[in-house]
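Peer 1: Coordinates for the following, if possible.
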Amino acid sequence: MNILYEVADKIATITLNRPEVANAQNAALLDELDAAWTKAADDPEVAVIVLRGAGKHFSAGHDLKGGGPRPDKITLEMIYGGEARRYLEYSLRWRNTPKPSIAAVQGRCIAGGLLLCWPCDLIIAADDAKFSDPVVMMGIGGVEYHGHTWELGPRKAKEILFTGRPFTAEEAEKTGMVNVVVPRAELDDRTEEMARTIAAMPPFALRQAKRAVNQTLDVQGFYAAIQSVFDIHQTGHGNALSVNDFPILVQLDEMKARMG
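Peer 2: Residues are numbered from 1 along each chain as shown. From the prediction side, this is the model:
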């Protein structure tokens, strides 16, 4: 199984379960993850959702070479459709799940990994956590779900995108992206403690509090910006597609070469 799911004491814990590949996300994992979110959202016994990753790292991002056989021809329409569903729509659905959610992040959280933790309401990070979005090296202006500007602020977002460098949990805490940084050995316990505290609150009030904050961000332009920047992301694929039939894999190889 790509995902582990359990419920105890009103807390649904969803665990990414591909530690052998640093929880890289193939289509099967993302589909199972979306099903787990839906299950937790629909379960009246669940008050809080916790997302975590098994092993050393939270998630190394999208498993670009783990999606099965290559099609004979790749089109921009094909790329757009697949990414709109699994990368944009899933992340937005998780963000808008009416129950509070907490991401517990350790180790690396790269590119597509941000699409898993950013939709969560709270992020608790281990002191060894490092976040990054290096896809500018692939000729694309950032991952599909553009939380960068909202999570980091405009100048820090530009720095992280322009350089591709990883930023630490402490840096993320300073921008407000991360709620608290804890020693790696305490990550699970501190996450459970936070989840238990929240689960003790009135569920309808939690739902309304979450809606109030999310609705405020949407009024400020969050939803419209996410949609429009997704289209900007697709121009990177379109540019690569104009010179090669397999742009994602070519971009991946180029990024790895630049990163050494």
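Peer 1: For stretch 5-20, which outside residues touch it?
Peer 2: 1-4, 23-26, 29, 33, 36-37, 39-40, 43, 45-59, 116, 192, 195-196, 199 (C-beta atoms under 8 Å, 6 or more residues apart in numbering). Heads up, the C-betas are built off the backbone N, CA and C, glycines and all.
Peer 1: and those residues, which are buried?
Peer 2: 2-3, 23-26, 29, 33, 36-37, 40, 46-53, 55, 57-59, 116, 192, 195, 199 (16 or more other C-beta atoms under 10 Å).
Peer 1: The residues you listed in helices, which ones?
Peer 2: Mapping those onto helices (DSSP state H) picks out 29, 33, 36-37, 40, 116, 192, 195, 199.
Peer 1: quick check, distance from stretch 224-235 to the centre of its chain.
Peer 2: Distance of stretch 224-235 from its chain centroid, counting by C-alpha atoms, centre = their mean, to the nearest Å, is 16 Å.
Peer 1: Counting neighbours, which bits of it end up buried?
Peer 2: Applying 16+ other C-beta under 10 Å to stretch 224-235 flags 225-226, 229-230, 233-234 as buried.
Peer 1: Kindly indicate which of the residues you listed lies nearest M138.
Peer 2: M138 lies nearest to H233 out of the buried residues of stretch 224-235, by C-beta to C-beta, at 10.7 Å.
Peer 1: May I ask which helix or strand encompasses the closest one?
Peer 2: H233 belongs to helix 222-241 when elements are defined using DSSP states H and E.
Peer 1: now do D189
Peer 2: Here D189 sits within helix 187-199, counting by DSSP H and E.
Peer 1: what do you get for C109?
Peer 2: Element membership for C109 (DSSP H and E) is strand 108-110.
Peer 1: That strand packs against which elements?
Peer 2: strand 130-132 (3 or more C-beta pairs under 8 Å, 6 or more residues apart in numbering; DSSP states H and E).
Peer 1: ok, residues contacting the strand it packs on?
Peer 2: The set of residues external to strand 130-132 that reach it, using C-beta under 8 Å, 6+ apart, is 105, 107-111, 113-114, 160, 164-169, 172, 177.
Peer 1: mind redoing it with 6 Å?
Peer 2: 108-110, 166-168, 172 (C-beta atoms under 6 Å, 6 or more residues apart in numbering).
Peer 1: ok, and the most crowded of those?
Peer 2: Counting neighbours by other C-beta atoms under 10 Å, C109 comes out on top of those with 32 neighbours.
Peer 1: I figured it hits A60, correct?
Peer 2: No. At 8.5 Å, C109 and A60 do not qualify as touching, with contact defined as C-beta atoms under 6 Å.
Peer 1: and the helix or strand encompassing K210 with helix 187-199, angle?
Peer 2: K210 is located in helix 203-219, with elements delineated by DSSP H and E. Following axes from the mean of the first three to the mean of the last three C-alpha atoms, to 10 degrees, one obtains 100 degrees for the angle between helix 203-219 and helix 187-199.
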